[in-house]
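[1] Quick check, what structure comes out for this input:
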Amino acid sequence: NYDYLSNYSILLLILTFIFGVFYVIYLNKINILPKIYFVRTISEYKNILNFSKYSLIGGGVSMLSQQSTSILLNKFFGVILNASNGIVNQVNAALFQILSSIQSAFSPLLMKAFVSGDTDEIKKIMFLFTRLCAITYLVIAIPLIILMPEVLAIWLKEVPPLTANFAKLMVISLFFDVLSTPLWTLAHAEGHIKRYQISLSIIIVLNIFLAWILLFLSHNPMVLWYVKIFGSVCLFIYRYFYSKSIMIFSFWDYFNQSLKPSLWFALSLGLSWFFYFYYESLIIYLFFYIVVVIFSIYLFALNKTEK
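    Purely as a prediction, here's the structure:
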């Protein structure tokens, strides 16, 4: 009769509270804890509300996009495939949590460089930010795609149908979101996000309608994830052009310093797939994979200066 869910929720609440108190004590100790004061000028409230309301719109539409997958699967295919999607969402959250540490490290640097107006420094940080986000993600994503059925079998006693296929496509879709992280950080640093958030919201809503139409016509649940990948690509392209309108930079500089090393890195890690299918041993595959990762980081992830 032990209530695991309730006790898990209580423990999670306690941990969150403890971490929050720890952060306040630490920031107060090093004298960088923000001070609370009353703002009396209406113009400052107006500026804050203008920024926050469009951020709120973007966050609401992003939540709608996440929940629409569950809604559409439940409507067309019932709760069994919805259970698969729930597991995929947990994998998604775990991957994104790993990347949040890199984002937390680079976002202040990028915003500081943007405020200072140092164009060369902004480009340098953004290109490095993109490359490190992509490479860190690929180190985890490539073996996860290759070993997804095995990982799910270890994690779950009974794996719901199509969970492995959903998860693999989710990993691919999330890769374009990872590439977009420095771009939307730059967009928020610029501050004028009205056009940016409205355009993103329109793309996301149109993507949801496209998914609904194709599911209605095909009755194939895999279509939903193909549409999500297409939507992630569209969002990445829009964020790229929006960032380029904020700060002029060459596509080839962006490609050569960020995308090209990431693509070569992904290809080299993808070749480790042959070790797994040739030897059919997880231990041998992981050994070769670690070796490939080390050499690939040196060859593709680092430029001459960083080496």
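[2] Please identify the buried residues of the host helix or strand of I198?
    Using DSSP states H and E, I198 sits in helix 194-218. For helix 194-218, burial by neighbour count (16 or more other C-beta atoms under 10 Å) applies to Y196, Q197, L200, S201, I203, I204, N207, I208, A211, W212, L215. (Each C-beta comes from the backbone N, C-alpha and C, glycine too.)
[3] cool, and stretch 120-128?
    I122, K123, I125, M126, F127, L128.
[4] How far away from the center of its chain is it?
    Put simply, stretch 120-128 sits 20 Å off its chain's centre (C-alpha atoms, centre = their mean, to the nearest Å).
[5] Give me the contacts around that stretch.
    106, 109-110, 113-114, 182-183, 186, 243, 247, 249, 253-254, 257-258 (C-beta atoms under 8 Å, 6 or more residues apart in numbering).
[6] Of those, which is the most crowded?
    P182 (27 neighbours; other C-beta atoms under 10 Å).
[7] and that one, what element?
    helix 163-190.
[8] Could you point out which residue ranges in the stretch 1-150 of the chain have low pLDDT?
    1, 51 (pLDDT under 70).
[9] Which residue ranges of it form helices?
    Using DSSP state H, counting those that start in this stretch, the helices found in the stretch 1-150 of the chain span residues 4-29, 42-77, 79-116, 119-146, 148-155.
[10] by contact count, what packs against the longest one?
    Looking back up the chat, that one is helix 79-116. Under the contact criterion of 3 or more C-beta pairs under 8 Å, 6 or more residues apart in numbering; DSSP states H and E, helix 79-116 touches helix 42-77, helix 119-146, helix 163-190.
[11] quick one on the thing from earlier: in the helix holding P182, which of the residues would be classed as buried?
    Buried-residue list, helix 163-190, by 16+ other C-beta under 10 Å: 163-171, 173-189.
[12] How far off centre is that helix?
    4 Å.
[13] Next, the angle from it to helix 148-155.
    Put simply, helix 163-190 runs at 100 degrees to helix 148-155, going by axes from the mean of the first three to the mean of the last three C-alpha atoms, to 10 degrees.
[14] what packs against helix 163-190?
    Short answer (3+ C-beta pairs under 8 Å, 6+ apart): helix 163-190 packs on helix 79-116, helix 119-146, helix 148-155, helix 222-246.
[15] Thanks a lot, catch you later.
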